[in-house]
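Undergrad: here is the input, now give the coordinates:
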Amino acid sequence: MANRMGNMTKLIIIQPALPHYRLHFFDSLSKLDVDDFSVVYPSGNLLNADGSYLWAKVSGPLRKIFPGLYWQVGVMKLPVDKQTIVVVAGAPRCITNILFLFKAKLAGASTVWWGHLWSSTSKRWRFFLRLRFMNIADAVLFYTDKEASMYSNNFLKEKKQLCRGLNNGIDTSKIELLREEYESISREKSLLFIGRLTKKSNITLLIRALSSPMLLDVKLYVIGTGEGLAEIQRMSDYRLVKDRVIFLGGIIDEVEIAKYANVCRLFVYPGEVGLSLVHGMAYGLPAIVHSNSDKQMPEFSAFQENITGRPFEMDNCDSLSIVIYEMINDTQKLNMCSNNCVALINTSFNTEDMTRRFRLLIDEVCLRSQYRIDTSENSPRDK
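TA: Numbers count the residues shown, from 1 in each chain. Sure, this is the predicted structure:
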C-alpha cells in the first residue's frame with residue numbers, strides 16, 4: 001500500500017467528544033502519511049490534555065442551543081477544499097456536524113459519515129432522519145461489519161456511496177502483555193463487571209441474581225462508578241451479598257484492572273453492553289449478556305452465542321442466575337469460549353485493526369474522488 005494518499009493533503013475528523021478510549025486510535029491515525037491530520041473536539045473535553053497529542057485541535061465549547069440540540073463553536077470556520085477529507089461523527093443532535101458536512105460537499109471535499117446505524121437508544125423517527133443525513137456523504141463508516149452489511153442490504157440507495165465497518169474496539173496492546181493464561185478450574189468462582197454504574201448497565205439485576213441460592217459461592221468484582229453506586233451498594237446490603245460484591249471504583253490503570261480480570265471466570269454485563277464487552281473478552285473472559293440485540297450497543301456484534309459466551313433473557317433475573325450457574329461450573333466450555341474470545345479480539349475489535357480498516361476506507365475515498373494513491377516510482381513526490 002502506498003504511503004501517501006494521492007493529492008489529499010488534509011484529513012479532518014470532527015468529534016463532539018474526545019473520550020480516553022479513542023486516544024490510541026487517533027494517535028495511530030496520526031501516523032498516516034498526510035500533510036495535515038487533525039481531530040477537532042470541544043474545549044475542556046480532552047481527558048489527557050498534556051499537550052502530547054499534536055493532532056488534537058480545540059474548536060470551542062459544545063453549546064446547547066435547544067433541548068436535545070447542540071452547536072460546536074468554531075467548527076464552521078474550519079477551511080476545506082478539494083484536497084480535504086472530512087469525517088464527521090454521526091451525531092445529528094450536533095447541528096454543526098450536518099452543516100459542516102454540507103459545507104465540505106459544496107467545497108468539493110470528500111466526506112465520510114462515521115457512526116452507529118442503530119443502538120440501544122435509537123428511535124425510529126431519529127433513525128430514518130439519520131439515514132437521510134448519511135446519504136449526503138461520499139462514504140459511511142459504521143462501528144461494526146454487521147451494521148455495514150445491514151445498511152448495504154437494506155438502505156444503500158446510491159451504489160456509488162462507499163459503506164464499510166470499523167469493528168469498534170480498544171487498545172489491546174497492554175492487555176496482551178498483562179493477560180494471564182486462562183484455565184477455568186484454577187480460577188475463582190467470580191464474575192467481572194466493567195462499566196459505568198448507570199441505569200443503562202442494569203447492574204441491579206446482577207446484584208439480585210447473585211442472591212440466588214445457587215450462586216452463594218460466587219463473587220462479583222465491579223470496576224466502575226456512576227450515579228447508581230449508592231443504590232447498588234444499598235441493594236447489595238439488602239440482598240445480603242455485600243461480602244461477595246467488591247466495589248473497586250473507576251479504575252482506568254490497565255495493570256490494576258488486570259489484577260482482577262485474571263482471577264475471574266466470567267465477564268457479565270446485564271444491561272446495554274458496548275465496549276465493556278470487548279474489554280472483558282480481551283482478557284479471555286467468556287461473556288454473559290442479554291439476547292435482545294435491538295437493546296444493545298453496536299459492539300454487541302463481538303458476542304457469538306455458545307462461541308464467546310452465553311446469553312440470558314433480557315431483564316429476567318432467574319434466566320441470568322441460571323446461565324451464570326451453568327456457565328461458571330462448566331469448566332470445559334469456559335476454556336473453549338475463552339480461547340475463542342482471545343482469537344476474535346486478536347483479529348478485530350482492536351485499535352490496530354481499526355486503523356487498518358480506516359486507512360483502507362480513506363484510500364477508497366481517494367480513488368473514488370479521482371485522487372489516486374501514487375504507487376509509481378515516477379511520482380513527482382518521490383523525485
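
Undergrad: in this structure, where is pLDDT below threshold?
TA: 1-8, 45-51, 119-122, 157-159, 370-383 (pLDDT under 70).

Undergrad: now do the helices in it.
TA: Listed from the start of the chain, the chain has helices (DSSP state H) covering 23-29, 95-106, 124-134, 145-154, 173-178, 203-210, 229-238, 254-261, 275-282, 317-328, 331-347, 351-368.

Undergrad: for these, which one sits closest to V40?
TA: helix 95-106 (9.4 Å; Cβ to Cβ). Yep, even glycine has a C-beta here, placed from its N, CA and C like the rest.

Undergrad: run through who's touching the closest one.
TA: 14, 16, 65, 69-72, 75-76, 78, 80, 84, 86, 88-92, 110-111, 113, 133, 136-137 (Cβ atoms under 8 Å, 6 or more residues apart in numbering).

Undergrad: one step back: ranking the helices of the chain by burial, who's on top?
TA: helix 275-282 (a mean of 26; mean count of other Cβ atoms under 10 Å).

Undergrad: let me know the angle separating that helix from helix 331-347.
TA: 110 degrees (axes from the mean of the first three to the mean of the last three Cα atoms, to 10 degrees).

Undergrad: name the helices or strands packed onto helix 275-282?
TA: strand 190-194, strand 266-269, strand 287-290, helix 331-347 (3 or more Cβ pairs under 8 Å, 6 or more residues apart in numbering; DSSP states H and E).

Undergrad: give me the residues contacting the last one.
TA: Residues external to helix 331-347 that are found in contact with it (Cβ under 8 Å, 6+ apart): 169, 172, 176, 179, 182-185, 265-266, 278, 281-282, 284-287, 302, 304, 306-309, 327-328, 353.

Undergrad: need the helices and strands packed on helix 275-282 in a markdown table with distance to P298, can you?
TA: As requested, the helices and strands packed on helix 275-282 are arranged in a markdown table below (distance: least, Cβ to Cβ, whole Å):
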| stretch | distance to P298 |
| --- | --- |
| strand 190-194 | 17 |
| strand 266-269 | 14 |
| strand 287-290 | 13 |
| helix 331-347 | 15 |
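
Undergrad: quick one on the thing from earlier: closest to G165 out of the helices of the chain?
TA: helix 145-154 (3.7 Å).

Undergrad: could you say what helices and strands that closest one packs with?
TA: Using 3+ Cβ pairs under 8 Å, 6+ apart: helix 145-154 touches strand 139-142, strand 162-165.

Undergrad: again, only using 10 Å
TA: helix 124-134, strand 139-142, strand 162-165 (3 or more Cβ pairs under 10 Å, 6 or more residues apart in numbering; DSSP states H and E).

Undergrad: and D35, which of the helices and strands packed on helix 275-282 is closest to it?
TA: Comparing the helices and strands packed on helix 275-282 by Cβ to Cβ, helix 331-347 comes nearest, at 32.2 Å.

Undergrad: is it true that P270 touches H290?
TA: Yes. At 6.7 Å, P270 counts as touching H290 under the criterion of Cβ atoms under 10 Å.

Undergrad: what do these two both touch?
TA: Taking Cβ atoms under 10 Å, 6 or more residues apart in numbering as the contact rule, P270 and H290 both touch N202, L205, F312, M314, D315, N316, L320.

Undergrad: sorry, back to before: tabulate the helices of the chain (a markdown table), appending distance to C163.
TA: As requested, the helices of the chain are arranged in a markdown table below (distance: least, Cβ to Cβ, whole Å):
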| stretch | distance to C163 |
| --- | --- |
| helix 23-29 | 20 |
| helix 95-106 | 16 |
| helix 124-134 | 9 |
| helix 145-154 | 5 |
| helix 173-178 | 29 |
| helix 203-210 | 35 |
| helix 229-238 | 40 |
| helix 254-261 | 33 |
| helix 275-282 | 22 |
| helix 317-328 | 35 |
| helix 331-347 | 21 |
| helix 351-368 | 9 |
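
Undergrad: please name whichever of those helices is nearest to Q296.
TA: helix 275-282 (8.8 Å).

Undergrad: quick one: the closest one to strand 190-194, angle?
TA: Using the same axes, to 10 degrees: helix 275-282 against strand 190-194 is 140 degrees.

Undergrad: any idea how far helix 275-282 is from the chain center?
TA: What separates the centre of helix 275-282 from the centre of its chain is 10 Å, taken as Cα atoms, centre = their mean, to the nearest Å.

Undergrad: got the angle between it and helix 254-261?
TA: Using the same axes, to 10 degrees: helix 275-282 against helix 254-261 is 70 degrees.

Undergrad: may I have helix 275-282 exported as CSV, CA atoms only?
TA: C-alpha atoms of helix 275-282 as CSV (Å, rounded to 0.1, in the frame of the first residue of the first chain):
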residue,chain,number,x,y,z
LEU,A,275,-17.0,-1.5,24.6
SER,A,276,-17.1,-3.2,28.0
LEU,A,277,-17.8,-6.4,26.3
VAL,A,278,-14.6,-6.1,24.1
HIS,A,279,-12.6,-5.2,27.3
GLY,A,280,-13.7,-8.3,29.1
MET,A,281,-13.2,-10.6,26.1
ALA,A,282,-9.7,-9.2,25.5
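
Undergrad: that older thread, got TSV for the shared contacts of P270 and H290, with distance to N335 too?
TA: Output for the shared contacts of P270 and H290, formatted as TSV (distance: Cβ to Cβ, whole Å):
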residue	distance to N335
N202	28
L205	27
F312	21
M314	27
D315	30
N316	27
L320	22
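
Undergrad: what residues are up against the residue lying closest to A139 once chain neighbours are set aside?
TA: Nearest non-adjacent residue to A139, counting by Cβ to Cβ, 6 or more residues apart in numbering: L162, 3.7 Å away. By Cβ under 10 Å, 6+ apart, L162 lies in contact with 112, 137-141, 148, 152, 156, 361, 364-365, 367-368.
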